[in-house]
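Peer 1: Got a predicted structure plus its sequence, pasted below:
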2 protein chains.
Amino acid sequence: MSPPAVPDATLRASLGQVLFRAARLYNEAALRRVQAGAAPDLRFAHTQLFPHLTTSGTRSSALAKRLGVSKQAVGPLLDDLVAWALVERVVDPTDRRASIVRLTPRGGEAIVHGLVVLGEIEADLRRELGHGELDRLHATLLQLTELLARGDDRSG
Amino acid sequence: MSPPAVPDATLRASLGQVLFRAARLYNEAALRRVQAGAAPDLRFAHTQLFPHLTTSGTRSSALAKRLGVSKQAVGPLLDDLVAWALVERVVDPTDRRASIVRLTPRGGEAIVHGLVVLGEIEADLRRELGHGELDRLHATLLQLTELLARGDDRSG
DNA sequence: ACCAGTTCGTCAAGGAGCTTGACTTTGTCC
DNA sequence: GGACAAAGTCAAGCTCCTTGACGAACTGGT
């Protein structure tokens, strides 16, 4: 039993820590740029929704399921997006309980703008790290998420 | 003006999204393993603190600064760690306003245990992705955090 | 046609994890 | 000794999530 061997630097620079820090900084950078532009009230929680919005429409419960959160969590966020005229709620013609959340033309433009912002950040990093390095990072992270998600299923 | 060009897949698999998802899954995997062991009440916020704790002692305000949060945020977290006997608060002999937060022997063991858990996860990934790939991922992420942190300073 | 069970979305309450502001105590500098 | 800064706590509030309960509406069996 010799516990005092506490390797500070090891833990601080562990893959998990670095991964978390990178993700946080990346998101903050993206959000800062978008907030500086046309969407000052956009919060991080809203951005999580964007990849799943379509012009053809989605149910809010489906959005909740894809995000892995409760239905109650997405409600207020969608309210915000409706208030900003980025999406609209229309009654589902096949189910009167449900409403379908659909991107407005303005919402479509917002998504494109978001992609431009993300593209700018990625371009900055690409310039500094090099193309090969960034593409490899992207590919490795994709593999990693698949492996970790698989582990989730096993133990959940 | 042709907004309907909304590339779903592009946004969903963007570097930012993948990075965020990987970080979340990684942290969840680590926390799940630790909670299954000897620390069922450990929350994610606590783990953020560990890399900065030492046996020689640190001020809570210094911990707050390193984590990038307010002093008020770390207080209750340290209270928990004290309650679990992982750290102890001792009065700073050079400044009676301040208390110094110091790892107990048990806290040192907890850190070592945490490193073992992180090492296991990393070993699993290393087995699946290969040594070169994982080392390169680690190195690239380190570069990336440095670049993004630098950008923070500029605009903050 | 009816009733049971499920699902859609919302209201209400609460917890976690942060924030800012105000404050006491103590240290530092002139 | 007196102005100012810093350490840490208390209080209030915000964001983002949770579970529980609910009315309305759909589905399937009888």
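Peer 2: Structure's in. What do you need?

Peer 1: what sits up against stretch A:67-78?
Peer 2: A:Ala45, A:His46, A:Gln48, A:Leu49, A:His52, A:Ser60, A:Ser61, A:Leu63, A:Ala64, A:Val87, A:Arg89, A:Val101 (C-beta atoms under 8 Å, 6 or more residues apart in numbering or on different chains). (Glycine included, C-beta is placed from N, CA and C.)

Peer 1: One more pass at 10 Å, please.
Peer 2: For stretch A:67-78, contacts defined as C-beta atoms under 10 Å, 6 or more residues apart in numbering or on different chains pick out A:43, A:45-49, A:51-53, A:59-66, A:81, A:86-87, A:89, A:99, A:101, B:24.

Peer 1: for stretch A:58-65, same thing?
Peer 2: Outside stretch A:58-65, the residues within contact range by C-beta under 10 Å, 6+ apart are A:48-49, A:52-53, A:66, A:69-75, A:77-78, A:87, A:89, A:92, A:95, A:97-103.

Peer 1: out of these, which are buried?
Peer 2: A:48-49, A:52-53, A:74, A:77-78, A:87, A:89, A:99-103 (16 or more other C-beta atoms under 10 Å in any protein chain shown).

Peer 1: what's the closest of these to A:Ile121?
Peer 2: The nearest member of the buried ones among the contacts of stretch A:58-65 to A:Ile121, counting by C-beta to C-beta, is A:Gln48 at 17.0 Å.

Peer 1: which one is the closest one nearest to, not counting chain neighbours?
Peer 2: Spatial nearest neighbour of A:Gln48, excluding adjacent residues (C-beta to C-beta, 6 or more residues apart in numbering or on different chains): A:Leu67 at 6.0 Å.

Peer 1: Low-confidence regions, chain A specifically.
Peer 2: Applying pLDDT under 70 to chain A picks out residues A:1-12, A:151-156.

Peer 1: For the residue positioned nearest the centre of it, which residues are in contact?
Peer 2: Geometric centre of chain A, nearest residue: A:Gln48, 3.8 Å, by C-alpha atoms, centre = their mean. Residues in contact with A:Gln48, defined by C-beta under 10 Å, 6+ apart, are A:Asn27, A:Leu63, A:Arg66, A:Leu67, A:Gly68, A:Val69, A:Ala73, A:Val74, A:Leu77, B:Gln17, B:Phe20.

Peer 1: now swap in A:Trp84 and tell me
Peer 2: A:Trp84 touches A:Ala38, A:Ala39, A:Asp41, A:Leu42, A:His46, A:Thr104, A:Arg106, A:Gly107, A:Ala110, counting by C-beta under 10 Å, 6+ apart.

Peer 1: For DNA strand C, tell me which of the contacts of stretch A:58-65 show up nearby.
Peer 2: With C-beta under 7 Å from any atom of the strand as the criterion, the contacts of stretch A:58-65 include A:Lys71, A:Gln72, A:Gly75, A:Leu78, A:Asp92, A:Asp95, A:Arg97, A:Ala98, A:Ser99, A:Ile100 near DNA strand C.
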